[in-house]
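Student: Build me a model:
(2 chains)
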Amino acid sequence: MTEMVKKDTGTDVATVERTRTGTTYVPRCDIVETDDELLLYGDLPGVKSENLDVRFENERLIIHGKVEPRHEDREFVYGEYGIGDYYREFHIFEGVDAEKISADLKNGVLCVHLPKTEAVKPRRIEVKAD
Amino acid sequence: MLATRWQPFGLGEMWSEMNRLHEEMDRLFGRYGVGDGRRAVAPAYPAMNLWQDEDNLYCEAELPGMELADLEIYATGGNQLTIKGKREAPSHEQGTWHRRERGYGSFARVLTLPQEVDAERVEAKFCHGVLCVILPKREESKPRRIEVKAG
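Tutor: Residues are numbered from 1 along each chain as shown, chains lettered A, B, ... in the order given. Predicted coordinates:
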């Protein structure tokens, strides 16, 4: 099931502060640029869409996913990874149409669509034959 | 092994030096817990964690981008858990990749559990990219309290 997360371009949004102890991890991301948009994929397992904060301000795309602790009341036996929040910032160049940025979260993978403004889309130039 | 996120500090050598000191200190002071306390290096993808309570073992793995149908989970031999699957890369033929950090492809991992489990009653749940396998312990392998008779 796909959950839609709409981001907010308001500049009066406060920065998120940590109110509980815990580790914050840097999620692995893929960025691909097509003719029409920039696409960003991020691995954020364990983040629900209501705990995911994606915002675009001052040319920065900020991704903050809060993860609820899991298995807290159980006895820990063996571990290879830690459980914690995800945070990452990207500096996006000016050619992005901030109004049309959209994001969705499916199975722990965040996909952010950053459409390019018309001015920076590649235009094919006609070559007139002799 | 390709984890879902970067290790803190990011620089290989510096991290392993600091990690070594960290682990020495944890061993000295006996600190346990999920997260940065006692962490083993996963030999393969995916990284797995194990918890338990009286009746069950809980095995968890972070598998973002997988569909439950693409995952194969087997409980074999009484105390082995096998997780297999494949993650497809999103295809963008004409796009330019600026960053490629996430891994794709097939994976398989076998974990030997500390206790025997009842394969018939194993359950698996997958939400928000996290797989949790609940393995009920076999009655015979549960710890039994021994009565001490006063003499």
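Student: check contacts around the residue of chain A found nearest chain B.
Tutor: Using CB to the nearest CB, the closest approach of chain A to chain B is made by residue A:108 at 1.8 Å. Yep, even glycine has a C-beta here, placed from its N, CA and C like the rest. Residues in contact with residue A:108 (CB atoms under 8 Å, 6 or more residues apart in numbering or on different chains) are A:43-47, B:62-65, B:128-130.
Student: Of those residues, which is the nearest to residue B:90?
Tutor: residue B:65 (9.0 Å; CB to CB).
Student: measure that closest one to residue B:53 for me?
Tutor: Distance, residue B:65 to residue B:53, using CB to CB, to the nearest Å: 30 Å.
Student: Tell me which of the two has more neighbours.
Tutor: residue B:65 (22 against 12; other CB atoms under 10 Å in any protein chain shown).
Student: Find the nearest non-adjacent residue to the more buried one, please.
Tutor: Once flanking residues are discounted, residue B:65 sits nearest to residue A:109: 4.3 Å by CB to CB, 6 or more residues apart in numbering or on different chains.
Student: Just grab the bridge partners of the one you found for me.
Tutor: Per DSSP bridges, the residues bridged to residue A:109 are residue A:43, residue A:106.
Student: Let me see the contact set for it.
Tutor: Residues in contact with residue A:109 (CB under 8 Å, 6+ apart) are A:41-44, B:64-65, B:129.
Student: let's see 10 Å
Tutor: Neighbour list for residue A:109: A:27, A:30, A:41-45, A:47, B:64-66, B:87, B:90, B:102, B:128-129 [criterion: CB atoms under 10 Å, 6 or more residues apart in numbering or on different chains].
Student: By pLDDT, give me the weakest of those residues.
Tutor: Least confident entry in the contacts of residue A:109, by pLDDT: residue B:90, with 83.
Student: Tell me who's in contact with it.
Tutor: Contacts of residue B:90 (CB under 10 Å, 6+ apart): A:30, A:32, A:39, A:41, A:109, A:111, B:65, B:102, B:104.
Student: before we move on, the earlier item: any chance of a markdown table for the contacts of residue A:108, columns distance to residue A:127 and secondary structure?
Tutor: Listed next are the contacts of residue A:108 as a markdown table, based on distance: CB to CB, whole Å; DSSP: H, G, I helix; E, B strand; the rest coil:
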| residue | distance to residue A:127 | secondary structure |
| --- | --- | --- |
| A:43 | 44 | strand |
| A:44 | 46 | coil |
| A:45 | 49 | coil |
| A:46 | 53 | coil |
| A:47 | 49 | strand |
| B:62 | 51 | strand |
| B:63 | 50 | coil |
| B:64 | 46 | coil |
| B:65 | 43 | coil |
| B:128 | 51 | coil |
| B:129 | 48 | coil |
| B:130 | 54 | strand |
